[in-house]
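K.L.:
quick one, what's the 3D model for this:
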Amino acid sequence: MEILLKVVSLTFLLVLLPSLVSSQEQANQVGNCTGNDNNPKLSPQLTFEATVHGFLLWASMGFLMPVGILIIRMSKTEECRRRLKILVYVHAALQIVSVLLVTAGAIMSIKNFENAFNNHHQRLGLALYGIIWLPALIGFFRPQRGTNGRSVWFFTHWILGTALSLLGIINIYTGLEAYHRKTRKSVRVWTILFTIQISFIASFYLFQEKWEYIQKQGVILGNEPTGPTNQQISPKDKKKELAMEPC
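P.N.:
Okay, here's the model as predicted:
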């Protein structure tokens, strides 16, 4: 029941998020715009730079960071130390690349775009640029398991990383809407594709919570015996088994 509620809530949020962002941006546009001259179309050069900026931020906060979160969650049930180290290193590498891509996108934004910070996309982007390095830096100072500061470190690293990823996803939607306003190009297809991608990642995230439970229930073939376990062995069959056992 708990996982069903989470799936319903998350699906509801993902369905409404693009329309809410679009409505909010349209309201801002109606309130601030007195003519087409107040919202001039971007030049081909700026359009290209805005496209590259959007791709960098999608690759970072819309793909690599969520995938990194999924990978580190796989380490919860991993018992092999070698595979556990590999998962941790892959998670760290993805997050580092993600931070570098966000930094490159921030430099492009500061250098090439007019940043008046009068809309949600620019304000949220500024906040993300300010805190993007915190989870990465905290990750390098991970205490050993069993120490006093481990639980505090884990909670801080987890809450910052999760919040950062969610805010980044929201800002991608606001960025698509801003791109549409500035270039007059439709972003409907990109919005739908991104929503499908995030829905898949979110579904896999929720599925990970119940993976161990599913295995224990014998749903995964080979993990639980398929035949009855309480069947009694007759003395005749027991003699046959003893005769077949090697000395």
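K.L.:
from now on I want contacts and neighbour counts done on CA atoms only, so please keep to that.
P.N.:
Fine.
K.L.:
in three-state terms, how would residue 42 be classified?
P.N.:
When classified by DSSP: H, G, I helix; E, B strand; the rest coil, residue 42 comes out as coil.
K.L.:
residue contacts, it?
P.N.:
Each residue near residue 42 by CA atoms under 8 Å, 6 or more residues apart in numbering is listed here: 182-183.
K.L.:
try it again at 10 Å.
P.N.:
Shown in contact with residue 42 (CA atoms under 10 Å, 6 or more residues apart in numbering): 48, 50, 179, 181-184.
K.L.:
just the ones in helices from the residues you listed, please.
P.N.:
48, 50, 179, 181-183 (DSSP state H).
K.L.:
what's the PyMOL line that selects buried ones from the contacts of residue 42?
P.N.:
One line in PyMOL is enough to select the buried ones among the contacts of residue 42; burial here means 16 or more other CA atoms under 10 Å:
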select buried, resi 50+179+181+182+183
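K.L.:
CSV for the ones in helices among the contacts of residue 42, including distance to residue 122 and pLDDT?
P.N.:
Formatted as CSV, the ones in helices among the contacts of residue 42 follow (distance: CA to CA, whole Å; pLDDT from 0 to 100):
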residue, distance to residue 122, pLDDT
48, 18, 89
50, 13, 89
179, 12, 91
181, 14, 89
182, 14, 86
183, 17, 88
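K.L.:
can you pick out the most distant pair from those residues?
P.N.:
Of all pairs drawn from the ones in helices among the contacts of residue 42, the greatest distance, 14.9 Å, lies between 48 and 181 (CA to CA).
K.L.:
run the chain-centre distance for stretch 137-152.
P.N.:
Distance of stretch 137-152 from its chain centroid, counting by CA atoms, centre = their mean, to the nearest Å, is 22 Å.
K.L.:
what about that stretch, how long is it end to end?
P.N.:
End-to-end distance of stretch 137-152 (CA to CA, to the nearest Å): 15 Å.
K.L.:
give the buried residues for that stretch.
P.N.:
residue 139.
K.L.:
can you tell me the SS state at the residue most central in space within the chain?
P.N.:
Of all residues in the chain, the one closest to the mean position by CA atoms, centre = their mean is residue 66, 2.3 Å from it. Judged by three-state DSSP, the three-state class of residue 66 is helix.
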